[in-house]
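Take this sequence and fold it.
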Amino acid sequence: MYDGLTRPQCSVLTQLRTGHIGLHAHLHKIQVSPTPNCATCPTPETVNHFLLLCPAYRQQRLKLIIRLGTARLTLRRLLAAKSEHKAVFEFVRDTGRLPRYQL
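Numbering: from 1, shown residues only. The predicted structure is shown next:
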């Protein structure tokens, strides 16, 4: 499942799958962020919101769609064991939202 991935890539993938990642919804749950909401949207910043919905990352998402060759993005498709993880890592890197990870 993690063959060919670097340690930081494995870490990000695991955190995206579990939701235990530096997005406001999780940070609020562990009392590190004052709000669970996205900085640009009035909705909780979950993994689903970050990867699939947030309008702030529309350009990065378009690039992801082009790279994957489909506009039918789902969490299951993006984070599945046999998924195109490199496209997801590129999305995460391009958004600049999780700068601590060296992807």
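
show me the contacts for the closest residue to Glu84 other than its chain neighbours.
Of all residues beyond its chain neighbours, the one nearest Glu84 is Leu68 (5.7 Å), with distances taken as CB to CB, 6 or more residues apart in numbering. In this view, the C-beta of every residue, glycine as well, is placed from N, C-alpha and C. Contact analysis of Leu68 by CB atoms under 8 Å, 6 or more residues apart in numbering lists 77, 84, 87.

switch to 10 Å and redo it
Taking CB atoms under 10 Å, 6 or more residues apart in numbering, we find Leu68 in contact with 77-78, 83-84, 87-88, 91.

Can I have the buried ones of those residues as a ChimeraX selection?
Command for ChimeraX, covering only those of the contacts of Leu68 found buried under the criterion 16 or more other CB atoms under 10 Å:
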select :78,87,88,91
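
who touches Phe91 in this structure?
Phe91 makes contacts with 50-51, 57, 60-61, 63-65, 67-68, 73, 78, 97, 103, as judged by CB under 10 Å, 6+ apart.

Between those residues, which sits nearest Thr40?
For the contacts of Phe91, the minimum distance to Thr40 (CB to CB) is 9.2 Å, reached by Tyr57.

Make sure I have this right: the closest one is in a helix.
Yes - counting by DSSP: H, G, I helix; E, B strand; the rest coil, Tyr57 is found in a helix.

Please report how far it lies from Leu13.
18 Å (CB to CB, to the nearest Å).

what does Glu90 give?
Per CB to CB, Glu90 is found 13 Å from Leu13.

and if you look at Pro42?
Distance from Pro42 to Leu13, by CB to CB: 28 Å.

Leu79 too?
7 Å.

same check, this time on Thr6
Distance of Thr6 to Leu13, given as CB to CB: 10 Å.

for Lys82, same thing?
13 Å.
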